[in-house]
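Undergrad: take a look and give me a structure for this.
(one chain, ligands or ions: 1)
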Amino acid sequence: MNQPHSKPETYVLHRSSLAIPPRAVRGEGIYIFDQNGKSYLDASGGAAVSCLGHSDPAVRAAMHAQIDQIAYAHSGFFSTDAMEELAEDLVTHAPEGMAKAYFVSGGSEATEAALKMARQYFLEIGQPDRKYVIARRQSYHGNTLGALSVGGNMWRRKQFEPLLITASHIAPCYPYRDQMPGESDAAYGLRVANELETAILELGADSVAAFVAEPVVGATSGALAPVPGYFKRIREICDQYGVLLILDEVMCGMGRTGTLHAIEQEGISGDLQTIAKGLGAGYQPIGAILVSKKIDDAIANGSGFFQHGHTYQGHATACAAALATQRTIRERDLLANVVRQGELLADGLRERFGQHPFVGDIRGRGLFRGLELVADRETKDPFDPARKINAKIKKAAFARGLMAYPMGGTIDGVRGDHVLFAPPFIVTGDDVARIVDLFELAMNDVFTAEGLL
Ligand code: PMP
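TA: Numbers count the residues shown, from 1 in each chain. I've put the predicted structure just below:
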């Protein structure tokens with residue numbers, strides 16, 4: 001019998017849907033163990049973080065070695081080998097045009113830094129009127145006030161309004177919901193991308209600083225990939241109007257979709273790109289922005305430095321963990337495994353849920369796969385958010401020892417429930433089969449309890 005921890009929780013500010021969460025006491029490979037020894041298959045990598053699984057020996061050794069030398073030296077005084085080597089590693093493998101890496105401690109900080117750097121760029125080049133940001137509806141770029149200001153998730157935003165940055169929102173690229181019958185992928189991609197041009201012209205072509213988007217949407221929409229050509233058109237529009245393209249790869253980046261950067265599959269680069277979760281694989285909190293030469297040059301030739309900074313930026317132990325993570329991914333050729341197991345996962349999900357009465361769409365890339373749940377496959381009507389289907393699925397899966405990442409329900413009151421799978425890159429075919437089996441049991445638990453099966 002699984003006993004909750006005996007002491008009441010003191011850390012009350014964060015409450016998940018699991019009223020009293022178990023305590024994670026140990027991790028090994030793709031499993032986390034609680035205080036009772038119960039194992040949980042980490043099929044979500046936490047929140048698409050733990051790409052190497054838990055307790056990876058190479059990362060642990062690198063962190064130990066770093067701590068034995070020096071754990072932290074303030075970047076206002078020192079650089080460190082770990083920081084310089086990681087920056088070089090990231091820039092060497094970055095999308096075309098990226099010249100520098102700037103470190104922060106997580107995804108929201110990366111969004112903040114990118115937004116400020118975009119603003120500073122326009123001040124440096126003498127275009128101070130460019131201050132508006134355009135993003136997409138149902139998007140999430142972080143929970144700090146600047147990131148929340150640009151995000152398009154109205155439910156998250158509304159209680160904190162007024163927000164800091166004036167942002168306007170265009171449609172996401174969401175073929176399952178918004179592609180019209182008979183409309184080709186190319187025509188649909190063009191139609192939704194062109195909303196960016198309309199928004200720029202509405203705000204005033206000389207007043208828009210940046211467009212922010214996740215190449216493959218994770219946080220709000222369950223591994224929603226763009227149609228081919230969508231981002232090419234977005235890039236064209238940004239270039240035409242002098243608007244910077246900020247790509248948020250906090251969740252979809254660093255190998256998750258089968259290429260190191262998700263945007264590689266679209267054949268373009270951003271001007272700024274944020275990365276975080278998979279960068280340090282959860283061994284240390286770390287994020288970064290990749291900065292294009294154009295922006296780096298403007299700042300170098302202008303005031304000379306980015307007017308920003310955090311106490312822990314470039315933290316030596318965090319950089320050492322991230323460097324070991326990135327090297328391990330290459331040395332073990334894990335991106336090939338992401339592609340291989342990602343296909344198996346997609347096949348397994350399609351085979352098991354392709355005809356499921358409450359699964360409307362199965363999508364994603366690499367080991368970043370999502371299911372969209374619907375009350376009716378024909379009409380695509382979502383479940384009533386009050387039913388909390390996604391939370392119930394999380395709970396049922398967790399009870400069966402599976403971590404699946406639930407989302408949605410209340411997003412803008414219209415979008416439905418999603419489940420996201422983002423298992424570690426080290427999964428085997430057997431692990432993938434187990435994920436699908438456990439998830440099927442959890443789905444049956446929920447829909448039977450709801451009286452729907
Ligand atoms: N952007 C995206 C796309 C994310 O998924 C997240 C986290 N879910 C963030 C930004 C914010 O990252 P963090 O929680 O590390 O601040």
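Undergrad: and stretch 112-122, how far from the chain's centre?
TA: From the chain centre to the centre of stretch 112-122 is a distance of 20 Å (C-alpha atoms, centre = their mean, to the nearest Å).
Undergrad: tell me who's in contact with the residue in the stretch 1-150 of the chain positioned nearest to the ligand.
TA: Closest contact between the stretch 1-150 of the chain and the ligand, by C-beta to the nearest ligand atom, is at Gly107 (2.1 Å). Heads up, the C-betas are built off the backbone N, CA and C, glycines and all. Counting by C-beta atoms under 8 Å, 6 or more residues apart in numbering, Gly107 touches His141, Gly142, Asp248, Val250, Met251, Thr274, Ala276, Lys277, Gly287.
Undergrad: in strands, which of these fall?
TA: Asp248, Thr274, Gly287 (DSSP state E).
Undergrad: burial check on the second one, number of neighbours?
TA: If I follow you right, that is Thr274. As a burial measure, Thr274 scores 32 neighbours (other C-beta atoms under 10 Å).
Undergrad: you'd agree it is up against Leu247?
TA: Yes: if you go by C-beta atoms under 8 Å, Thr274 and Leu247 touch, sitting 7.2 Å apart.
Undergrad: out of the contacts of Gly107, who's near the ligand?
TA: Restricting the contacts of Gly107 to those near the ligand by C-beta under 6 Å from any ligand atom leaves His141, Gly142, Asp248, Val250, Met251, Ala276.
Undergrad: helices or strands up against whichever strand or helix holds Leu279?
TA: Using DSSP states H and E, Leu279 maps to helix 277-280. Helix 277-280 is packed against helix 45-48, helix 316-331, with contacts defined by 3 or more C-beta pairs under 8 Å, 6 or more residues apart in numbering; DSSP states H and E.
Undergrad: these: which one's closest to the ligand?
TA: helix 45-48 (5.4 Å).
Undergrad: which helices and strands sit right next to the closest one?
TA: Other helices and strands packing on helix 45-48, by 3+ C-beta pairs under 8 Å, 6+ apart, are helix 277-280.
Undergrad: dump the helices and strands packed on helix 277-280 into JSON lines; add mean neighbour count and mean pLDDT as well.
TA: Listed next are the helices and strands packed on helix 277-280 as JSON lines, based on neighbours: other C-beta atoms under 10 Å; pLDDT from 0 to 100:
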{"stretch": "helix 45-48", "mean neighbour count": "23", "mean pLDDT": "98"}
{"stretch": "helix 316-331", "mean neighbour count": "23", "mean pLDDT": "98"}
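Undergrad: what residues are up against Leu196?
TA: So Leu196 contacts Ile134, Ile170, Phe211, Ile234, Ile237, Cys238 (C-beta under 8 Å, 6+ apart).
Undergrad: now render the helices and strands packed on helix 277-280 as TSV, adding distance to Asp56.
TA: TSV is the format used below for these (distance: least, C-beta to C-beta, whole Å):
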stretch	distance to Asp56
helix 45-48	13
helix 316-331	7
